[in-house]
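# Have a look; sequence and predicted model below, questions after that.
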Amino acid sequence: MQSLIEKHRTRMEKESYSSSSCSSSGEKKKTLIEVLLFLQEKEAQYYTDEIIRGLMLAFLEAGSDTTSATMEWAII
């Protein structure tokens, strides 16, 4: 997970993202990790790499749990 965060951080530094949020005017949409890294720049004490990793794992687990519950329900 940390390597994924580092890849996004490096890409953001290369592309020098602006502080504006995504709009429909053709700007590239940001991923969840990119948004969290942007927030980390503003409030580093609340958005540490450890917190970002935890959120990523929580979303991953929540998605897989939902999928397995749906498949279990469909089989029954």
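Noted; the coordinates are in hand.

# Against which helices or strands is the biggest helix by length in the chain packed?
In the chain, taking DSSP state H as the definition, the longest helix is helix 49-75. Applying 3 or more C-beta pairs under 8 Å, 6 or more residues apart in numbering; DSSP states H and E, one finds that helix 49-75 makes contact with helix 2-15, helix 32-42. In short, each C-beta sits where N, CA and C put it, glycine included.

# any idea how far Gly63 is from Glu6?
For Glu6, the distance to Gly63 under the criterion C-beta to C-beta, to the nearest Å works out to 23 Å.

# coming back round to it: okay, the angle between the longest helix of the chain and helix 32-42?
In terms of direction (axes from the mean of the first three to the mean of the last three C-alpha atoms, to 10 degrees), helix 49-75 departs from helix 32-42 by 150 degrees.

# one step back: of the helices and strands packed on helix 49-75, which stretch is the most buried?
Between these, helix 32-42 has the highest mean count of neighbours, a mean of 16, where neighbours are mean count of other C-beta atoms under 10 Å.

# Name the residues that touch that one?
Residues lying outside helix 32-42 but in contact with it, judged by C-beta atoms under 8 Å, 6 or more residues apart in numbering, are 4-5, 8-9, 12, 17, 19, 30, 46-49, 52, 55-56, 59.
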